[in-house]
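In: build me a structure from this.
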Amino acid sequence: MSVLVTGAAGNVGREVVRALLQRGAQVTAADHRDERAKALFGDRVVSARLDFRDPTTWSAALRGAEHLFLMRPPAIADVENTLNPFVDAARLHGVDHIVFLSVAGAGKNRLVPHRKVEDHQRALGDHHTHLRPGFFAQNLETAYRDDIVRDDRIYVPAGQSPVNWIDVRDIAEVASLVLSEPGKHRAQSYTLAGPAAVPWSEVTGALSAALGRPIRYEPASILGYVRHQIRKGLPGGAIAVQTILHFLLRFGQGATVDPTLERLLGRPGRSVREYITDHAQLWAKPPS
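Out: Residues are numbered from 1 along each chain as shown. Predicted structure coming up:
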């Protein structure tokens with residue numbers, strides 16, 4: 001099978017590429033900077049530049065693709081003038097099946113941009129599968145990494161509500177499975193969750209054990225978190241998104257338990273402890 005993977009240099013995209021290569025797929029790895037995909041995968045893939053805001057980049061990326069793994073870049077909120085026209089272009093170029101990385105709750109929440117992409121795909125027929133994962137374990141290596149490395153803490157306004165962390169390696173395995181068997185999964189929407197919701201103390205306990213130094217969880221106030229992010233130099237839009245995302249965790253938004261991932265893969269998802277153990281080097285202190 002021939003698959004175009006968008007966001008191929010990101011946390012999810014790179015794992016999807018790896019999972020597809022293991023299945024023997026021919027992969028075009030697309031990113032807005034194609035040299036990043038080329039550096040990751042070399043000659044094992046065809047690398048392509050793809051910018052959803054620049055339609056002149058679409059045809060070359062789509063050339064020869066039978067299937068598509070589509071994900072929304074966080075910086076793009078206006079999907080009606082970017083991702084949705086790209087979906088139309090993909091269908092015109094002969095892409096038969098699109099696996100879209102949506103978000104948990106998109107079926108009920110019309111405000112998230114992912115819902116507009118889902119609705120657009122449904123209007124075009126049954127050439128799609130929607131994956132709706134929960135809270136990524138890989139947030140620990142992106143949004144939280146600096147605080148863990150520098151201050152030995154996780155500092156977010158999530159209160160004490162447990163979170164069900166999902167490893168993007170499991171999302172990628174589901175995506176590669178669905179792409180390899182499109183007839184079984186057409187017009188389906190799958191909520192994907194980790195094996196169990198766990199308290200923050202279990203996350204910091206796993207980090208402490210893996211790193212050999214104590215890591216603590218410090219619940220932030222909204223104002224304190226915003227100030228902290230401003231000091232780190234994050235742009236206003238990113239601060240707003242991160243603040244809302246973590247505030248909603250207080251109300252159980254990240255605690256969803258769902259059997260779909262285990263049913264599809266035939267095994268439980270990786271736990272957050274497994275993820276931390278596998279990636280402990282990411283939070284090592286730099287040499288003094």
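In: can you pull out the strands in the protein?
Out: 2-5, 26-31, 46-49, 67-71, 97-101, 128-133, 135-136, 153-156, 165-166, 188-192, 216-219 (DSSP state E).
In: list the contacts of the last one.
Out: I take that to be strand 216-219. Outside of strand 216-219, the residues within contact range by CB atoms under 8 Å, 6 or more residues apart in numbering are 152-160, 200-201, 203-204. Where C-beta positions appear, they are placed from N, C-alpha and C, glycine not excepted.
In: quick one on the thing from earlier: would you mind saying which of the strands of the chain lies nearest residue 284?
Out: Nearest of these to residue 284, taken as CB to CB: strand 153-156 at 15.7 Å.
In: could you say what helices and strands that closest one packs with?
Out: helix 145-151, helix 200-211, strand 216-219, helix 222-231 (3 or more CB pairs under 8 Å, 6 or more residues apart in numbering; DSSP states H and E).
In: how about residue 19, what does it touch?
Out: Per CB under 8 Å, 6+ apart, neighbours of residue 19: 169, 172, 173, 175, 176.
In: looking at this structure, which helix or strand is least sure?
Out: Counting by mean pLDDT, DSSP states H and E, the chain has its least confident helix or strand at helix 236-249, which shows a mean of 87.
In: ok, back up a step: now the strands of the chain as a markdown table including mean neighbour count?
Out: Output for the strands of the chain, formatted as a markdown table (neighbours: other CB atoms under 10 Å):
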| stretch | mean neighbour count |
| --- | --- |
| strand 2-5 | 27 |
| strand 26-31 | 25 |
| strand 46-49 | 21 |
| strand 67-71 | 25 |
| strand 97-101 | 24 |
| strand 128-133 | 24 |
| strand 135-136 | 21 |
| strand 153-156 | 20 |
| strand 165-166 | 28 |
| strand 188-192 | 19 |
| strand 216-219 | 16 |
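In: tabulate those (JSON lines), appending distance to residue 83 and mean pLDDT.
Out: Formatted as JSON lines, these follow (distance: least, CB to CB, whole Å; pLDDT from 0 to 100):
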{"stretch": "strand 2-5", "distance to residue 83": "14", "mean pLDDT": "98"}
{"stretch": "strand 26-31", "distance to residue 83": "13", "mean pLDDT": "97"}
{"stretch": "strand 46-49", "distance to residue 83": "17", "mean pLDDT": "96"}
{"stretch": "strand 67-71", "distance to residue 83": "7", "mean pLDDT": "98"}
{"stretch": "strand 97-101", "distance to residue 83": "9", "mean pLDDT": "98"}
{"stretch": "strand 128-133", "distance to residue 83": "12", "mean pLDDT": "98"}
{"stretch": "strand 135-136", "distance to residue 83": "20", "mean pLDDT": "94"}
{"stretch": "strand 153-156", "distance to residue 83": "28", "mean pLDDT": "97"}
{"stretch": "strand 165-166", "distance to residue 83": "22", "mean pLDDT": "97"}
{"stretch": "strand 188-192", "distance to residue 83": "17", "mean pLDDT": "97"}
{"stretch": "strand 216-219", "distance to residue 83": "35", "mean pLDDT": "97"}
